[in-house]
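> Pasting a predicted model and its sequence here:
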Amino acid sequence: MFRIAWRPGTARRPKSAGRSKGGCDVARDITQDEGGAAAADLAPVVVRGLTKRFGSVTAVDHLSFTLEAGTTVALLGGNGAGKTTTIAMLLGLIRPSAGTVHVFGADITSNRYAVAQRMNFQSPYVDLPQRLTVRQNLMVYAGLYGIANACDRIASVAAQLQIDALLERPTGKLSAGQKTRVGLAKALLNAPELLLLDEPTASLDPDTADWVRQTIKGYASSRGATLLIASHNMSEVERLADRVILLHAGRIVEDETPAALIAAYGRETLEDVFLDVVRGRSATDASERGQREAS
Ligand SMILES: Nc1ncnc2c1ncn2[C@@H]1O[C@H](COP(=O)(O)OP(=O)(O)OP(=O)(O)O)[C@@H](O)[C@H]1O
């Protein structure tokens, strides 16, 4: 993990946006995305040969995968496997050493601004300005995204993430779990078609984490959004993900549905599969070992 800062890029106001009225903009339905029609039949994310080297460390090593529209994919791996580096390259925050990332058909390295408003992300490693209140932070991001009806939209995501009571508090004074929910509110502000989540339930108590998972799932299905979720929580992944990409030392070692992985490794849970992978056992080794243990 490492700290990253992100700006969506253009604060360009769409032609369809309304005028300012008493500090709040007139409503515009931001789910009616403009500019997406031509790229509608393209997969939201196409990654080919993606590699990132930091000096002698190869953090990400020739990754190739595609995220199909409307799917939720989990990016798993042990500490230092390359998850955050991969997400940062998908967002166009760091330049790949080699390979390409196309998001809605745009090369993210050279043309991020073309698609920045159709995507968003949340990460516990990205701090919002600490002295601004939650509302001020959300207003800043609403401006960066060119959201016309900022006040209404903030009210809507605040209700969705149950952070209404936090809106006037300085962001730096919130608890870790409260910051996680505020970060998620920021991530949903522009109703993104592509949402990248780095440990979305980090620091949350089990009850709140469960509720946040439901919120994420509900958002994905109602918006038809494509999600990539990096997580260490295997039950979360089993619950949310249609597909799992498992990284080990920067490389993809598995790319399958959770059920297929559990079957291939002869295990009962994804957590057991995860342990096999980080301990360097192949599906065959793990399955044979499982059979020996059972007999
Ligand atoms: N800016 C950097 N400079 C040097 N090395 C880096 C940098 N960022 C990441 N790395 C290294 O790249 C590798 C992958 O790191 P990354 O943060 O992507 O892993 P991760 O899978 O997100 O890990 P975790 O689960 O611990 O968050 C690690 O070996 C890390 O030390």
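Ah, there it is. Residues are numbered from 1 along each chain as shown.
> Only alpha carbons, please: show stretch 58-78 as PDB.
Coordinates of each C-alpha in stretch 58-78 appear next as PDB, following Å, rounded to 0.1, in the frame of the first residue of the first chain:
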ATOM      1  CA  THR A  58       8.600  -5.500  -9.900                       C
ATOM      2  CA  ALA A  59       5.400  -4.600  -8.200                       C
ATOM      3  CA  VAL A  60       3.100  -5.600 -11.100                       C
ATOM      4  CA  ASP A  61       4.300  -8.100 -13.600                       C
ATOM      5  CA  HIS A  62       2.600  -8.400 -17.100                       C
ATOM      6  CA  LEU A  63      -1.000  -8.500 -16.000                       C
ATOM      7  CA  SER A  64      -3.700  -9.000 -18.600                       C
ATOM      8  CA  PHE A  65      -7.400  -9.000 -17.800                       C
ATOM      9  CA  THR A  66     -10.700  -7.600 -18.900                       C
ATOM     10  CA  LEU A  67     -13.500  -6.300 -16.700                       C
ATOM     11  CA  GLU A  68     -16.900  -6.900 -18.400                       C
ATOM     12  CA  ALA A  69     -19.700  -4.400 -17.900                       C
ATOM     13  CA  GLY A  70     -21.800  -4.800 -14.800                       C
ATOM     14  CA  THR A  71     -19.600  -7.400 -13.200                       C
ATOM     15  CA  THR A  72     -18.000  -7.200  -9.700                       C
ATOM     16  CA  VAL A  73     -14.400  -8.500  -9.700                       C
ATOM     17  CA  ALA A  74     -12.200  -9.000  -6.600                       C
ATOM     18  CA  LEU A  75      -8.500  -8.300  -6.700                       C
ATOM     19  CA  LEU A  76      -6.900 -10.500  -4.100                       C
ATOM     20  CA  GLY A  77      -3.400 -11.100  -2.900                       C
ATOM     21  CA  GLY A  78      -1.200 -11.100   0.200                       C
END
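> average pLDDT for it?
Computed over stretch 58-78, the mean pLDDT rounds to 96.
> What residues sit buried inside that stretch?
Of all the residues in stretch 58-78, those buried under the rule 16 or more other CB atoms under 10 Å are 58-61, 63, 65, 67, 69, 71-78. Every C-beta, even on glycine, is put in place using the N, C-alpha and C of the backbone.
> what two of those have the greatest distance between them?
By the measure CB to CB, the buried residues of stretch 58-78 have their two most distant members at Thr58 and Ala69, which lie 30.6 Å apart.
> Skipping its backbone neighbours, what lies nearest Leu204 in space?
The shortest distance from Leu204 to any non-neighbouring residue, by CB to CB, 6 or more residues apart in numbering, is to Gly177 (4.9 Å).
> so the one you found touches Pro206, yeah?
No. Judged on CB atoms under 8 Å, Gly177 makes no contact with Pro206 at a distance of 11.1 Å.
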